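A.B. asks: Based on what follows, work out the 3D shape:
(one chain, ligands or ions: 2)
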Amino acid sequence: MRGVTFKGNREAEIQEFPDPHAGPGDAVLRVRASGLCGSDLHRYRAGDPTVMITGHEPCGVIEELGPGAPPGLNLGDRVMCHHYAGCGVCRNCAMGYEQLCPQGRVTYGGGTGHGANADFILVPSRSLVHLPDELSFEEGAAISCGTGTAWNGLSKMDISGKDTVAVFGQGPVGLSGTLSAKAMGARVIAVDVVPERLELARDLGAEYVINPLETDPVEAIRDLTGGAGATASLETSGNPTARQQVLTCLAPFGRCCYVGVGAPAEIDFSRDVIFKVITIYGSWTFSKSELIEIADFFVQTGAPLSRHITHRYTLDQAVEAFQTFDGATTGKCVFLFD
Ligand SMILES: [Zn+2]
Ligand SMILES: [Zn+2]
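C.D. replies: Ligands and ions are numbered 1, 2, ... in the order given. Prediction:
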């Protein structure tokens, strides 16, 4: 089968790998869609090559099931994958947060296990959840990391129609934050330095867009909220300045959630957290049961998830796909398979 690896220094490569087969407790998926996620770019840009196949947003159909699979799974089922494996039995794993297993974890497509930028992927059968019929494979792939991450950050803050949410960063995760917050009933202020991404944000429902290269975002957010500030904010960029601004843009009693991975930032906790009575959340993707909840949300709300997907590629176009995604002007990019 084909599988995409990184050679280091911004070079993707399609290599041949043996087809995987399911041993006890395993499943093989025939990949139907695999998403490109912002965190892939950290390894794409790094100097070292990847040994494992990339792609941590798998979505497809079950091709093979090894002995011991849960009875609710059948060959041909449409599934998403909670793309981690911990020990499977500790408290965190039992909660469905296998990424937080104290014994360590395998991340499929994240460097320690083969990923979904391939014709097939081998994963533990317990990592699979059904993809609702109403959702396409590409939507399932997006939910499996990027969109789910944004949604879960907003969910932790209990976003509703009472909120004005500032979403910092309008890459695939931030755009998902914009369309999800909108579907939760909030008013959205989208912040990004890339005009194309701000345009997408507006198309996905942002009431206001702010480019920090043109306007101070904190002042702009205060102006747009009658001087009060946003009631909630979501940080998806990982940028140190944005990591400060998601706090300074908040009204008293505001909530903020960090999901963007990036460089350390200096926070004035007295001024920006204590004396404004702010609640700060951190969120790292989602649990397996939250993955089901997120898919249900998009079925029930019909939020325009597919509209944030701007580029679709075949696996043979992997080199071009990563070059384009690395340019940081696109919405979501996905590989689709026939
Ligand atoms: Zn564990
Ligand atoms: Zn990701």
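A.B. asks: now the longest strand along the chain: how far from the chain's centre is it?
C.D. replies: For the chain, the strand with the greatest residue count under DSSP state E is strand 26-36. Distance, stretch centre to chain centre, for strand 26-36: 16 Å (C-alpha atoms, centre = their mean, to the nearest Å).
A.B. asks: residues of it that come out buried?
C.D. replies: 26-29, 31-36 (16 or more other C-beta atoms under 10 Å). Heads up, the C-betas are built off the backbone N, CA and C, glycines and all.
A.B. asks: For that strand, output the C-alpha coordinates as CSV.
C.D. replies: Extracted in CSV, the C-alpha atoms of strand 26-36 (Å, rounded to 0.1, in the frame of the first residue of the first chain):
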residue,chain,number,x,y,z
ASP,A,26,-6.9,-4.9,16.1
ALA,A,27,-8.9,-3.5,13.2
VAL,A,28,-7.7,-2.5,9.7
LEU,A,29,-9.5,0.4,8.1
ARG,A,30,-9.7,1.1,4.5
VAL,A,31,-9.1,4.8,4.6
ARG,A,32,-11.7,6.9,2.8
ALA,A,33,-10.6,10.4,4.1
SER,A,34,-7.6,11.6,6.1
GLY,A,35,-7.3,15.2,7.2
LEU,A,36,-4.2,17.4,7.3
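A.B. asks: Buried residues, the very next helix or strand once past it. List them.
C.D. replies: Sequence order places helix 38-45 as the next helix or strand after strand 26-36, per DSSP states H and E. For helix 38-45, burial by neighbour count (16+ other C-beta under 10 Å) applies to 38-41, 43-44.
A.B. asks: Let me have those in TSV, extended by pLDDT and distance to N239.
C.D. replies: As requested, the buried residues of helix 38-45 are exported to TSV (pLDDT from 0 to 100; distance: C-beta to C-beta, whole Å):
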residue	pLDDT	distance to N239
G38	92	12
S39	91	15
D40	95	18
L41	95	14
R43	94	19
Y44	97	18
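A.B. asks: Just name the closest of the residues you listed to L336, please.
C.D. replies: Using C-beta to C-beta, D40 comes nearest to L336 of the buried residues of helix 38-45, at 16.7 Å.
A.B. asks: Contact partners for the residue positioned nearest the centre of the chain?
C.D. replies: By C-alpha atoms, centre = their mean, the mean C-alpha position of the chain lies nearest to G146, the distance being 1.2 Å. Going by C-beta atoms under 8 Å, 6 or more residues apart in numbering, G146 touches 35, 37-38, 57, 172-173, 176, 332.
A.B. asks: So which residues on the stretch 1-150 of the chain come close to ligand 2?
C.D. replies: Neighbours of ligand 2 within the stretch 1-150 of the chain, by C-beta under 5 Å from the ion: 37, 39, 145.
A.B. asks: What separation do you get for the second one and L315?
C.D. replies: S39 sits at a distance of 20 Å from L315 (criterion: C-beta to C-beta, to the nearest Å).
A.B. asks: Kindly report the same for the first one.
C.D. replies: When C-beta to C-beta is applied, the distance between C37 and L315 equals 16 Å.
A.B. asks: In terms of neighbours, single out the busier of these two.
C.D. replies: C37 (26 against 20; other C-beta atoms under 10 Å).
A.B. asks: and the more buried one, what does it touch?
C.D. replies: Per C-beta under 8 Å, 6+ apart, neighbours of C37: 56-57, 145-146, 172-173.
A.B. asks: repeat that with 7 Å
C.D. replies: 56-57, 145-146, 172 (C-beta atoms under 7 Å, 6 or more residues apart in numbering).
A.B. asks: for the stretch 51-200 of the chain, what spans make up the strands?
C.D. replies: 58-65, 78-81, 84-85, 106-107, 120-124, 128-130, 164-168, 187-191 (DSSP state E, counting those that start in this stretch).
A.B. asks: Name the stretch among those that sits most buried.
C.D. replies: Most buried of the strands of the stretch 51-200 of the chain by mean neighbour count (mean count of other C-beta atoms under 10 Å) is strand 164-168; its value is a mean of 29.
A.B. asks: which helices and strands sit right next to it?
C.D. replies: Where contact means 3 or more C-beta pairs under 7 Å, 6 or more residues apart in numbering; DSSP states H and E, strand 164-168 is packed against helix 172-183, strand 187-191, strand 230-235, helix 240-248.
A.B. asks: Need the pLDDT of D338.
C.D. replies: We have a pLDDT of 83 for D338.
A.B. asks: What strand or helix carries the nearest residue to R202 once chain neighbours are set aside?
C.D. replies: In this structure, R202 finds its nearest non-sequential neighbour in V209, 5.5 Å apart by C-beta to C-beta, 6 or more residues apart in numbering. Assigning secondary structure by DSSP H and E places V209 in strand 208-210.
A.B. asks: For the following helix or strand past that strand, buried residues please.
C.D. replies: Downstream of strand 208-210, the first helix or strand assigned by DSSP H and E is helix 217-224. Within helix 217-224, the residues scored as buried using 16+ other C-beta under 10 Å are 217-218, 220-222, 224.
A.B. asks: what angle sits between helix 217-224 and strand 230-235?
C.D. replies: 150 degrees (axes from the mean of the first three to the mean of the last three C-alpha atoms, to 10 degrees).
A.B. asks: what mean pLDDT would you report for helix 217-224?
C.D. replies: Rounded mean pLDDT across helix 217-224 is 98.
A.B. asks: Show residues contacting that helix.
C.D. replies: 166, 189, 191, 208, 210, 229-230, 245, 248-249.
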